[in-house]
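K.L.:
I would like the atomic coordinates for the input below:
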Amino acid sequence: MATGTFDLIHPGHGYYLEESKKLGGKNSQLVVVVARDATVRAKKRVPIVPENQRREVVAMLKPVDAAYLGGETDMFKIVEELNPDIISIGPDQKFDLDWLRDELKIRNLKAEVIKIEGYFDSDLDSSCKMIKKIKETDFPAGSFC
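P.N.:
Predicted coordinates:
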């Protein structure tokens, strides 16, 4: 199981999902939990792309076998429902891994938590960088945007 916002898809998302899928071995399935709009607003910023569309786009990505929206009030509800063997955490996600492991134990969930260490480095390797570039771009009058 991989989790994230996946607001504006970029190569870093692809890298994270490919590495996450590898954790389960050759015939593993990767399920992805996409953060709800309310969660994104509370933890990051206003999302650009609505939650249902973000989930649909993530479901189309090659490494992904299924994509779900996260819980609206309890982020562990979907984890309890799907009961993954492994939960991968992205290199830029700010989770306290010990707290996460403790919460899983409290709920009698046996998932191993693994942080993906590498990162796909590029000029536009985050949604925030993409948003900033769009805001700084001077689109000429009459252009297709």
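
K.L.:
What's the first helix or strand after the longest helix along the chain?
P.N.:
Longest among the helix segments of the chain by residue count, using DSSP state H, is helix 11-23. As assigned by DSSP states H and E, the chain's next helix or strand after helix 11-23 is strand 31-34.

K.L.:
Quick check: which element contains A38?
P.N.:
With DSSP H and E as the test, A38 turns up in helix 37-43.

K.L.:
so where is the chain shaky, pLDDT-wise?
P.N.:
142-145 (pLDDT under 70).

K.L.:
Now do the helices in it.
P.N.:
With DSSP H as the criterion, the chain has helices at 11-23, 37-43, 51-60, 77-82, 97-106, 127-136.

K.L.:
buried residues in the shortest one?
P.N.:
When you say that, I think you mean helix 77-82. For helix 77-82, a neighbour-count test (16 or more other CB atoms under 10 Å) marks 78-79 as buried. The way it works is simple: take the backbone N, C-alpha and C, and place the C-beta from them, glycine included.

K.L.:
hang on, the earlier thing: CA-only coordinates of the longest helix of the chain in CSV, if you can.
P.N.:
What follows is helix 11-23 as a C-alpha-only set of coordinates in CSV (Å, rounded to 0.1, in the frame of the first residue of the first chain):
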residue,chain,number,x,y,z
PRO,A,11,7.9,11.8,-12.2
GLY,A,12,8.5,11.6,-8.5
HIS,A,13,5.1,10.0,-8.1
GLY,A,14,6.0,7.4,-10.7
TYR,A,15,9.3,6.6,-9.0
TYR,A,16,7.6,6.3,-5.6
LEU,A,17,4.9,4.0,-6.9
GLU,A,18,7.4,1.8,-8.9
GLU,A,19,9.6,1.5,-5.8
SER,A,20,6.6,0.7,-3.6
LYS,A,21,5.5,-2.1,-5.9
LYS,A,22,8.9,-3.6,-5.8
LEU,A,23,8.7,-4.0,-2.0
